[in-house]
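Asks: predicted structure and sequence below. I'll ask about it afterward.
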Amino acid sequence: MPTYVLLSTLTSEGGMTVHQNPDRIAAVNDEIAAFGCKVTAQYALLGQYDFLTVVDAPDNETIAHLSVDLGSRGTTKITTLPAIPLDKLVEKLKAPEQIGRAGHQPPTSTDAEPTPVEHVATSPPRLAQFID
């Protein structure tokens, strides 16, 4: 299953809910499971976000539905990001299908020569032309 990162920020209402009922945090994991998703890691954060939750979900549509559903209560704002395993990214970068390196190799220091510059046949206006 694809992996996603949910970065959550509590609203003032959400902060009061968690403060009054800390077990509510674990209950959300059960709700996530009801969507066919699995929480694989969860952290409380300091800074811009309050929680980081790593979730495995069947597809983009399911995780989007989950994020909208959780956010619809008004107790949290969620930023959802797909997480790409590094080995999968490296595999893609090594594949022959590339746009950025299609037959292009950056010059090495020994074979780098200045690129010729085409000169424009016109000369810039002379100051005398504007004074007359």
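Replies: Arrived safely, thanks for sending. Since the model is a prediction, treat every value here as computed from it, not as a measurement.
Asks: and A95, how far from P85?
Replies: 15 Å (C-beta to C-beta, to the nearest Å). All C-beta atoms are positioned from the backbone trio N, CA, C, and that covers glycine.
Asks: and if you look at E31?
Replies: 26 Å.
Asks: what about A57, how many neighbours?
Replies: 24 (other C-beta atoms under 10 Å).
Asks: tell me the contacts of it?
Replies: 1-2, 4, 35-37, 63, 66 (C-beta atoms under 8 Å, 6 or more residues apart in numbering).
Asks: and which of those is nearest to M16?
Replies: L66 (23.1 Å; C-beta to C-beta).
Asks: ok, of the contacts of A57, which come out buried?
Replies: 4, 35, 37, 63, 66 (16 or more other C-beta atoms under 10 Å).
Asks: show me the residues you listed that map onto strands.
Replies: Y4 (DSSP state E).
Asks: from the buried ones among the contacts of A57, which two are the most distant?
Replies: Y4 and F35, at 11.7 Å, using C-beta to C-beta across these.
Asks: tell me the secondary structure at Q98.
Replies: coil (DSSP: H, G, I helix; E, B strand; the rest coil).
Asks: what's the neighbour count on it?
Replies: Per other C-beta under 10 Å, the neighbour tally for Q98 reads 12.
Asks: the residue nearest the centre of the chain: helix or strand, and which one exactly?
Replies: Computing the C-alpha centroid of the chain and ranking residues by C-alpha atoms, centre = their mean puts L81 first, at 5.5 Å. Secondary structure from DSSP states H and E places L81 in strand 76-83.
Asks: and that strand, what's buried?
Replies: 76-78, 80.
Asks: now that strand, how far from the centre of its chain.
Replies: On the basis of C-alpha atoms, centre = their mean, to the nearest Å, strand 76-83 sits 9 Å off its chain's mean C-alpha point.
Asks: now for it, which elements pack on it?
Replies: In terms of contacts (3 or more C-beta pairs under 8 Å, 6 or more residues apart in numbering; DSSP states H and E), strand 76-83 is packed against strand 3-10, helix 60-71.
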